[in-house]
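# Got a predicted model here, sequence first, then my questions.
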Amino acid sequence: MITNTELEYKGDLYPSKIINFTKEGDSVCFYAENNVILKLTVFRDSLIRFRFTTKGYFNTDFSYAIDENHSRGFNKFEVVEEADYYNVITSKIECHVHKADLRHSIFDLEGNAILEDELGFHWEEIYEYGGNVVKMSKISKDGESFYGLGDKPTHLNLKGKRLENWATDQYAFAKDQDPLYKSVPFYIGLRDKNAYGVFFDNTFRSFFDFSQERKNVTSFWADGGEMNYYFFYGPNMQDVVTAYTDLTGKPELPPLWALGYHQCKWSYYPESKVREVASKFRELQIPCDGIYLDIDYMEGFRCFTWNKEYFPDPKKMVADLAEDGFKTIVIIDPGIKIDKEYSVYQEGIENDYFCKRADGPYMKGKVWPGECNFPDFTNPAVREWWAGLFKELIGDIGVKGVWNDMNEPAVMEVPTKTFPLDVRHDYDGNPCSHRKAHNIYGTQMARATYEGVKRFSYPKRPFIITRSAYSGAQRYTSSWTGDNVASWEHLWVANIQMQRMSLSGMGFTGSDIGGFAEQPTGELYARWIQLGVFHPFCRTHSSGHHGEQEPWAFDDEVVNITRKFINLRYQLLPYLYTMFWQYIDEGIPMLKPLVYYDQEDSQTHYRTDEFIFGNQILVCPILEPNSKGRRMYLPRGNWYNYWTNELVSGGKEIWVDTAYDEIPVFVKEGAIIPKYPVQQYVGELEFDELTLEVYYKNGKETSVVYEDAQDGYDYTKGRFSLRTFKMTGKEKELILTQHKEGKYFTPYTKFKINLLGLPFKIESIQIDNEDVAIEDLHLDIDNTLTINKDFTEIHIKGN
């Protein structure tokens, strides 16, 4: 008997009508006639999770992205049955779930639509792999804008784009090339100047279409897993970004030195070359805190080994570098060389720690050491083992940080550039194939590395950097944007990527300054340094076979520009550290695109170049050669030109003249900017005063300065210093007040206050209601005065 066994292609399938619902605790489940269930969970009044299944029950609820310490709680949660829909009501929003087909729409309390299903949830069965392609489509309005999705090298506003999340090793990637190294399935929508967010927590290969295929339709889908997404309501973009960052987690504070300048190359070896580079930085007085060792420090590219020919005494070298202020950071890749004499490989085999193919054998792939096996970092036992391997590097030799590369995971000489899809993973007790584990492999490697470095660095703080990441990776690691190119186009891309990563919860990110592939001109390198010092992670890195890329590889003018801007970064370290504290404390992004800063101004919605560094400094890079200035958009408000102190009104596009050794930088009026003296490395100097640059405003403005011991964990026990400064400016008067929190006492005793933009001549000064002789404060013609740091109020009057 011959049977036709060809499976019928059913096409897209949809939920049928609701036949029942149940409400329990923070959730309500809607049951459709064809076994589809929608579980709607209220996390907060403005944060709702939507989770679908098509088989009548849910699998184990597990996510690597969600931080177990995230905030939860709501003021109101009601379900009201209407004629055609169920109305789920919180104190911020309403969600209408239609009885006919589970489609749902979200409204604010005034009845304005925020996000509405078009086709809504639907799915397609996958006969090759099993499971479903899960799909969601939403209505998009004319003028709606979209932002986020991690490291995409394309325009900041994603309207009209289709994008893919599948972590991929893309050497010398191009503008608009997709996918890249990271998978961050979170986007922010801006509709009628009101912001909302969607986080599609699905680690399978996923896609987002922002009205490219069909006008006025936004859709997202994945090649497996659940339709599982979180909705965030603003209406301010800041509310969306901070809620997402709270949900997926925030890092701990890095050591302050990690915010300094770092120098890297593929590769610095032998030891004499490393010492030569370090010595040259000190000779030229260019500040530098970190120096990196790429794969050539290892014995045959075997992780956790040293090449004794190149580095005969690594412990002494690391100690000598540390004596001169340099912290050594080393690379560690996931591929473990297949070598029976190699102890790490032996342990992995003995304990069955490596990834296996579906039919049993270990997965083999070629990377730098040759044929390798790869640890299954989704297995808690493997992560614990991996963490323990850092004892010698960190605990004994004194390395201060670890750099995880090739962890997409990347495999050479195969068309897919990665593991076969049938490779099996533990997934923390939820076994799966590489189709599900691929996008989180790099994050779990970084997590294991973080746990090891933290263990052996304690009581100091760890420093980790990763190339690949999924949402939530920021809890463990910083990142960089991978193998970029020394081109003006990539300078533009780097600027976009940093802003996008900040919006995507992963603010501690930087690019390879100057470009990794190919060779920059001196002008391009100078312009990149001028931008890179305003990115949270600041590192020059290059592929050495293209040539040298240290600052002195170019002419003296480039050396001087490099020194000037790295000096500026070191002066701004207390400002940058305060930015980082606000990021870990409140989830506020360190870099803010103009649309984040002022979403009410439609002129900001498509701006790409300008961004706010912290809260009060506006930066706009020079992105073309031979420039003597550029047009830029100045957001609403009044801004001081940092270089000239000229006050300019915003809300318009302006022309800014710039010399070769400048880029447009503006300071918000009313800002108080803290500065340290220039140091060649963090901790080099003991100083007795903190400079406060006070930019006069006729009105009020608040600024904060966060400080602590710059390393260690005492800050978590209240030993920090948080100063809140409030400035009130009047026509002939300026009042500064200070409020201090925390148990940490800063070692300096004085403030050097530079009063900028004062419209009057100082006639008298009161400190804490007592008249003070002007000459006692060392007031000079530039309106600079020196006072004790513990004042409560300064009252300055003029004529």
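Arrived safely. Nothing here was measured: the structure is a model prediction, and the numbers come from that model. Numbers count the residues shown, from 1 in each chain.

# ok, now which ones touch Ile612?
Leu591, Lys592, Pro593, Leu594, Tyr596, Tyr597, Leu618, Val619 (CB atoms under 8 Å, 6 or more residues apart in numbering). To be clear about C-beta, it is placed using only N, CA and C from the backbone, and glycine gets the same treatment.

# Following the chain onward from the longest helix out of those in the chain, which element is next?
The longest helix of the chain (DSSP state H) is helix 434-457. Toward the C-terminal end, the helix or strand that comes next after helix 434-457 (DSSP states H and E) is strand 464-466.

# got the contact list for that next one?
By CB under 8 Å, 6+ apart, strand 464-466 touches 329, 401-404, 407, 442-443, 445-446, 449-450, 453, 473, 476-480, 537.

# other SSEs contacting the helix or strand that that strand is followed by?
Once the chain leaves strand 464-466, the next helix or strand it forms, by DSSP H and E, is strand 469-470. Helices and strands touching strand 469-470, by 3 or more CB pairs under 8 Å, 6 or more residues apart in numbering; DSSP states H and E, are strand 182-183, helix 434-457.

# What's the first helix or strand after strand 469-470?
Next along from strand 469-470, by DSSP H and E: strand 478-480.

# Residues contacting that following strand, please?
In contact with strand 478-480 (CB under 8 Å, 6+ apart) are residues 182, 251, 254, 258, 463-467, 469, 473, 501, 506, 508-512, 536-537, 539, 541.

# tell me the helices in the protein, going along the chain?
Along the chain, counting by DSSP H, helices occupy 237-248, 271-284, 314-323, 343-350, 380-388, 434-457, 488-503, 522-532, 556-571, 573-586, 594-597.

# Quick one: those helices as TSV, columns for mean pLDDT, mean neighbour count and distance to Phe304 too.
Output for the helices of the chain, formatted as TSV (pLDDT from 0 to 100; neighbours: other CB atoms under 10 Å; distance: least, CB to CB, whole Å):
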stretch	mean pLDDT	mean neighbour count	distance to Phe304
helix 237-248	98	24	30
helix 271-284	98	16	18
helix 314-323	98	17	12
helix 343-350	98	15	6
helix 380-388	98	18	10
helix 434-457	98	25	10
helix 488-503	98	25	29
helix 522-532	98	24	31
helix 556-571	98	20	32
helix 573-586	98	20	30
helix 594-597	98	25	42
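
# Which of these sits closest to Thr90?
Taking CB to CB, helix 237-248 is the member of these nearest to Thr90, at 13.4 Å.

# Buried by neighbour count: which residues of stretch 649-664 qualify?
Buried residues in stretch 649-664, defined by neighbour count with 16 or more other CB atoms under 10 Å: Gly650, Val656, Thr658, Tyr660, Glu662, Ile663, Pro664.

# returning to that earlier point: now for the helices and strands packed on strand 469-470, which one comes closest to Gly798?
Among those, helix 434-457 sits nearest to Gly798 (CB to CB), with 51.8 Å.

# Against which helices or strands is the closest one packed?
Counting by 3+ CB pairs under 8 Å, 6+ apart, helix 434-457 packs on helix 380-388, strand 401-404, strand 424-425, strand 464-466, strand 469-470.
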